[in-house]
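Peer 1: Pasted the sequence and its predicted model underneath.
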Amino acid sequence: MQKILYDAMFSKIQKEIIANKEEIEKLEKIDSKYCKIEINIEKLIKIIEYYKIKKIKNENKKILIYCNGNPYIVLNIAMIAITNNLSIKINIDDTMLGVNKYLLEIINRTLEKNELKTKLELFNKEENDEKIIFIDRINDFNTIKTKNKKYIPYESIDVYSEESEYEELFEKIYDYAINMNIDIDIFDDEGIESMLKYGTGKNKLILTNNKEIINKYSEKNIYINENPFKREKIIFDENTVKEISSY
């Protein structure tokens with residue numbers, strides 16, 4: 001019975017998003033004055049559909065999450081909260097504020113109608129009385145002093161470049177990261193080994209023509225002379241879901 005109830009709730013949220021497509025697009029246009037994140041309604045629906053297959057758990061915990069404010073990330077967090085019975089406060093650094101607030105309003109209305117205690121809300125002021133997860137947002141992770149915190153690298157990127165011929169690719173990647181509010185750290189002077197040892201980014205980018213370097217690094221999430229953002233990530237991988245829900 002429980003699974004049927006949750007499937008019905010997810011379908012209701014999907015229908016509400018589709019029914020309010022024009023309002024979401026209007027809010028996106030306002031938000032786009034401050035950042036370049038684009039939202040696709042079909043992708044929002046796809047994210048929710050993915051979580052319909054998840055087992056329902058009763059973790060009954062409160063968590064604060066700092067993320068970059070991409071509505072796809074916020075929606076993933078909301079779905080994890082629902083499927084694990086988590087009450088989550090989300091700090092989005094005021095990114096895509098209109099779209100994010102509206103999506104959470106739709107979700108919370110559905111939760112309230114079904115009398116679920118799961119609660120989702122945005123927060124701005126620094127709080128440290130609960131467990132805190134930082135999805136990227138490395139500067140905030142380093143700044144906020146509390147023992148109850150966890151850092152999850154997701155889209156953040158570290159870059160090492162030693163070839164001017166890749167300047168156009170570098171600028172394209174840098175501009176994308178800035179526009180999408182993705183953490184990016186440059187290690188030009190420190191060198192590759194320093195980037196691999198001290199960099200906190202999920203992805204590592206090396207721009208070089210050095211054959212020895214190219215042949216040396218083939219690990220997952222290390223990209224050489226290519227755009228690590230060419231494939232858009234809209235759904236959390238299993239490891240990220242587990243790290244959030246089990247913290």
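Peer 2: Nice, thanks for sending it over. Residues are numbered from 1 along each chain as shown.
Peer 1: Strands of this structure, start to end?
Peer 2: 61-66, 86-91, 120-122, 131-135, 149-152, 157-161, 184-186, 203-207, 222-224 (DSSP state E).
Peer 1: what's the closest of these to residue 25?
Peer 2: strand 120-122 (20.4 Å; CB to CB). In short, each C-beta sits where N, CA and C put it, glycine included.
Peer 1: Touching that closest one from outside, list them.
Peer 2: 77-78, 81, 87-92, 97, 100-101, 104, 107-108, 111 (CB atoms under 8 Å, 6 or more residues apart in numbering).
Peer 1: just the buried members of these?
Peer 2: Buried by 16 or more other CB atoms under 10 Å: 77-78, 81, 87-92, 97, 100, 104, 107-108, 111, out of the contacts of strand 120-122.
Peer 1: from these, which is closest to residue 220?
Peer 2: Closest to residue 220, out of all of those and judged by CB to CB, is residue 77, at 23.9 Å.
Peer 1: and the closest one, what does it touch?
Peer 2: 65, 67, 88, 90, 120, 135, 244.
Peer 1: Can you lay out the residues you listed as a markdown table showing distance to residue 179 and pLDDT?
Peer 2: Compiled in a markdown table, the contacts of residue 77 are given as follows (distance: CB to CB, whole Å; pLDDT from 0 to 100):
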| residue | distance to residue 179 | pLDDT |
| --- | --- | --- |
| 65 | 22 | 96 |
| 67 | 16 | 97 |
| 88 | 26 | 95 |
| 90 | 21 | 96 |
| 120 | 26 | 94 |
| 135 | 18 | 97 |
| 244 | 25 | 94 |
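Peer 1: Would you mind measuring from residue 146 to residue 120?
Peer 2: 22 Å (CB to CB, to the nearest Å).
Peer 1: Those two: which has the busier surroundings?
Peer 2: Legend: neighbour count by other CB atoms under 10 Å for residue 146 and residue 120, higher for residue 120 (20 against 13).
Peer 1: any idea how far the more buried one lies from residue 236?
Peer 2: For residue 120 relative to residue 236 (CB to CB), the value is 16 Å.
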